[in-house]
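J.: Build the 3D model from these lines:
(2 chains)
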Amino acid sequence: EAQVTQNPRYLITVTGKKLTVTCSQNMNHEYMSWYRQDPGLGLRQIYYSMNVEVTDKGDVPEGYKVSRKEKRNFPLILESPSPNQTSLYFCASSLIPGAHGYTFGSGTRLTVV
Amino acid sequence: AQKITQTQPGMFVQEKEAVTLDCTYDTSDPSYGLFWYKQPSSGEMIFLIYQGSYDQQNATEGRYSLNFQKARKSANLVISASQLGDSAMYFCAMRVISSGSARQLTFGSGTQLTVLP
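T.: Below you'll find the predicted structure:
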């Protein structure tokens, strides 16, 4: 089944403790992206990647890191999480170029206390 | 910069009636795609319908149709014959295609639709 797999689904952590949210897709998509969703703000892009070793900042990159060492994987790293990073996170992938929508992962609900 | 505006934070509709969810967009690029996604309470994002900026006809997918008015920069979603399972958050989104590469998908703030029995 074609899908984007995110892990974990739920995560509660403490301020300052480094964490990684994994994302993997099995569709050979070039484009991968991370979004965060907050009430009233919709989804905002954190980082995206056009291909292996090619990453760039989205609209809200502060406090996050990403890497794209393999085409299928695009982990999101929070080096020192803070409470304002409590949010619902989505990984997504798509073919490029063209007018393709995204395939989304199931989401990761992160709480930083 | 691209922007998507959804002015209806919440909508109610009676079961079996039609409902229109509003979406306006702003971009200076001539080539773009417009999308609608559904997010039920379980949280996943479900793709509903797509409209390209050069498409001559309005997109339809089952009970979903997209009322595309290019001059007004609007891309409203119409759901016909609403069902209880349509209760969800709905997001309008746009992807600009320029310079041979596809840019990010920009989302609106969403509309929470509640279908009443």
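
J.: Now do the phi/psi pair for A:Q85.
T.: In this entry, A:Q85 is assigned phi and psi values of phi -100, psi 10 (degrees, to the nearest 10).

J.: Run through the residues that contact the closest residue to it other than its chain neighbours.
T.: For A:Q85, ignoring the flanking residues on the chain, the nearest one in space by CB to CB, 6 or more residues apart in numbering or on different chains is A:V112 at 5.4 Å. Using the backbone N, CA and C atoms, a C-beta is placed for each residue, glycine as well. Under the criterion of CB atoms under 8 Å, 6 or more residues apart in numbering or on different chains, the neighbours of A:V112 are A:T13, A:V14, A:T15, A:P81, A:S82, A:P83, A:N84, A:Q85, A:T86.

J.: So which of the residues you listed wins on neighbours?
T.: Highest neighbour count within these, by other CB atoms under 10 Å in any protein chain shown: A:P81, with 23 neighbours.

J.: On the three-state scheme, that one is what?
T.: coil (DSSP: H, G, I helix; E, B strand; the rest coil).

J.: Show me what the closest residue to it other than its chain neighbours bridges to in the sheet.
T.: Spatially, and ignoring its direct neighbours in sequence, A:P81 is nearest to A:V112 (4.5 Å; CB to CB, 6+ apart). Listed beta-bridge partners, A:V112: A:T13 (assigned using DSSP bridges).

J.: Could you dump the contacts of A:V112 into a markdown table and include distance to A:E30?
T.: Listed next are these as a markdown table, based on distance: CB to CB, whole Å:
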| residue | distance to A:E30 |
| --- | --- |
| A:T13 | 31 |
| A:V14 | 36 |
| A:T15 | 35 |
| A:P81 | 29 |
| A:S82 | 32 |
| A:P83 | 34 |
| A:N84 | 31 |
| A:Q85 | 27 |
| A:T86 | 31 |
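
J.: which sections of the chain are below the confidence cut-off?
T.: If you meant another chain, say so; for now it's chain A. Counting by pLDDT under 70, chain A contains low-confidence residues at A:96-100.

J.: that's the other chain; I wanted chain B
T.: In the predicted model of chain B, residues B:98-103 satisfy pLDDT under 70.

J.: got the residues of it near chain A?
T.: Applying the criterion CB under 8 Å from any CB of the partner chain, the portion of chain B that neighbours chain A consists of B:4, B:6, B:9, B:32-33, B:35, B:37, B:43-45, B:47, B:50, B:52, B:91, B:93, B:95, B:97, B:100-102, B:104-110.

J.: switch the cut-off to 7 Å
T.: Contact residues (CB under 7 Å from any CB of the partner chain) of chain B with chain A: B:33, B:35, B:43-45, B:47, B:50, B:52, B:91, B:95, B:97, B:100-102, B:104-105, B:107-110.

J.: longest strand of chain B?
T.: As far as residue count goes, and with DSSP state E defining each element, the longest strand of chain B is strand B:88-98.
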